[in-house]
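Visitor: what follows is a protein structure lacking sequence information:
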């Protein structure tokens, strides 16, 4: 399992604290039962139960850890002390073991919570530093171009031909759109990182949202070819956010695909999901980078690609928030980004 997949799995479990807690508790109780039956080691049972509390404390909030400590203490009393299958206790050693277990479990939970809080603060600090570095670098280029273009236009207006004026205005407009796109992605990335992305769902056609995203590329629309199955079912989405996600993937595909090559978009149904396959004819994505391309501020070619490393990360956050998936699929030529969204439950 790659590091990126491990991180994704950890994020999934952290987003499902109740499921994670239940899974760990069941695994700990069953493991302890077999250890007690075949080894008869009370210490090993207590260590297994203690390990479960630590895992829950590291992955979930303190309330889950405290509940787990009390639940496992009661389970230890009920299953592993004399008299069995009773909450009564007469053996002094068992009573002492249970008291020590509770003290250690609660203390460990508190320490784990403190550790997790420090890790979150460190991540936020790293995020702020990354944003500041990105802003200082990626805002400077379009701003400098816009300022230079408008200054030239102002100073040399009488001497410029109409075609030169149009070229300068188009250049400024292009950089303005680039700047707007960067700021929009930066805002969405910040909201996603802080869990502050709020949206409401509405029923919409994925092809309608797709064409809305394509319409934002007035000069490069002819390069985008759409193939769609007829009568596709609708999806429950925030149309503006999904449009932003699709736009980011298309923008990435157009940037890395040669100017004389097409970018194809295939919309189709796969079981109970809708898929959008967006494929370009560029240099492709290395196998080792298929997960990393969706990381915040990641760039395949930092010195030459000119991107901010935000587009695909924001797209992933938006798609995931809608219960979907986004992935880089292996293809013979170029790169293929697959977006998968759940079909509206009202559709057959």
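Guide: Happy to help now that I have it. What you are looking at is a predicted structure, and each value in this text was computed from that prediction instead of being measured. Numbers count the residues shown, from 1 in each chain.
Visitor: helices or strands next to the helix or strand containing residue 187 in the packing?
Guide: Using DSSP states H and E, residue 187 sits in helix 162-193. Secondary-structure packing of helix 162-193 (3 or more C-beta pairs under 8 Å, 6 or more residues apart in numbering; DSSP states H and E): helix 92-138, helix 140-155, helix 239-256, helix 311-321. Placement of C-beta: from N, CA and C, glycine included.
Visitor: need those helices in a markdown table (columns: mean pLDDT, distance to residue 291 and mean neighbour count).
Guide: What follows is the helices and strands packed on helix 162-193, written out as a markdown table (pLDDT from 0 to 100; distance: least, C-beta to C-beta, whole Å; neighbours: other C-beta atoms under 10 Å):
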| stretch | mean pLDDT | distance to residue 291 | mean neighbour count |
| --- | --- | --- | --- |
| helix 92-138 | 76 | 18 | 14 |
| helix 140-155 | 84 | 28 | 14 |
| helix 239-256 | 88 | 16 | 22 |
| helix 311-321 | 85 | 10 | 23 |
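Visitor: hmm, back to that, for the helix or strand following the helix holding residue 187, which strands pair with it and how are they oriented?
Guide: Remark: after helix 162-193, the chain's next helix or strand is strand 202-204, criterion DSSP H and E. If you go by DSSP bridges, strand 202-204 pairs up with strand 235-237 (antiparallel).
Visitor: now for the nearest residue to residue 109 once chain neighbours are set aside: which residues touch it?
Guide: Sequence neighbours aside, residue 65 is the residue nearest to residue 109 in space, at 3.6 Å (criterion: C-beta to C-beta, 6 or more residues apart in numbering). Listed by C-beta atoms under 8 Å, 6 or more residues apart in numbering, the contact partners of residue 65 are 53, 56-57, 105, 109, 112-113.
Visitor: next one: residue 81 from residue 259, what distance?
Guide: As for residue 81, its distance to residue 259 is 75 Å (criterion: C-beta to C-beta, to the nearest Å).
Visitor: could you do residue 332 as well?
Guide: Residue 332 is 21 Å from residue 259, by C-beta to C-beta.
Visitor: mean confidence score for the helix or strand that residue 73 is a member of?
Guide: The secondary structure element spanning residue 73 is helix 62-80 (assigned by DSSP H and E). Per-residue pLDDT over helix 62-80 has a mean of 86.
Visitor: swap in stretch 161-175?
Guide: 86.
Visitor: circling back: more neighbours, residue 81 and residue 259?
Guide: residue 81 (20 against 7; other C-beta atoms under 10 Å).
Visitor: contacts only, for the more buried one.
Guide: Going by C-beta under 8 Å, 6+ apart, residue 81 touches 89, 91, 94, 98.
Visitor: what's the farthest-apart pair in the residues you listed?
Guide: Farthest pair in the contacts of residue 81 (C-beta to C-beta) is 91 and 98. Separation: 10.0 Å.
Visitor: quick one: low-confidence residue ranges for the stretch 151-300 of the chain.
Guide: 185, 190-197, 220-221, 299-300 (pLDDT under 70).
Visitor: swap in 80 and give it another go.
Guide: 174, 177-199, 218-221, 296-300 (pLDDT under 80).
Visitor: pull the most distant pair out of the contacts of residue 65.
Guide: Longest span within the contacts of residue 65, C-beta to C-beta: 105 and 113, 12.6 Å.
Visitor: follow-up on the earlier one: for the contacts of residue 65, give me CSV that also has distance to residue 284.
Guide: Formatted as CSV, the contacts of residue 65 follow (distance: C-beta to C-beta, whole Å):
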residue, distance to residue 284
53, 46
56, 42
57, 43
105, 50
109, 47
112, 42
113, 44
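Visitor: nearest to residue 211 among those?
Guide: For those, the minimum distance to residue 211 (C-beta to C-beta) is 46.6 Å, reached by residue 56.
Visitor: quick check: that closest one vs residue 41, distance?
Guide: As for residue 56, its distance to residue 41 is 22 Å (criterion: C-beta to C-beta).
Visitor: which one's more surrounded, those two?
Guide: residue 56 (29 against 13).
Visitor: what is whichever helix or strand the more buried one is part of packed up against?
Guide: If you go by DSSP H and E, residue 56 is part of helix 42-59. Contact here means 3+ C-beta pairs under 8 Å, 6+ apart; on that basis helix 42-59 packs against helix 3-15, helix 17-38, helix 62-80, helix 92-138.
Visitor: TSV please, covering these and showing distance to residue 146.
Guide: Listed next are the helices and strands packed on helix 42-59 as TSV, based on distance: least, C-beta to C-beta, whole Å:
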stretch	distance to residue 146
helix 3-15	36
helix 17-38	47
helix 62-80	50
helix 92-138	14
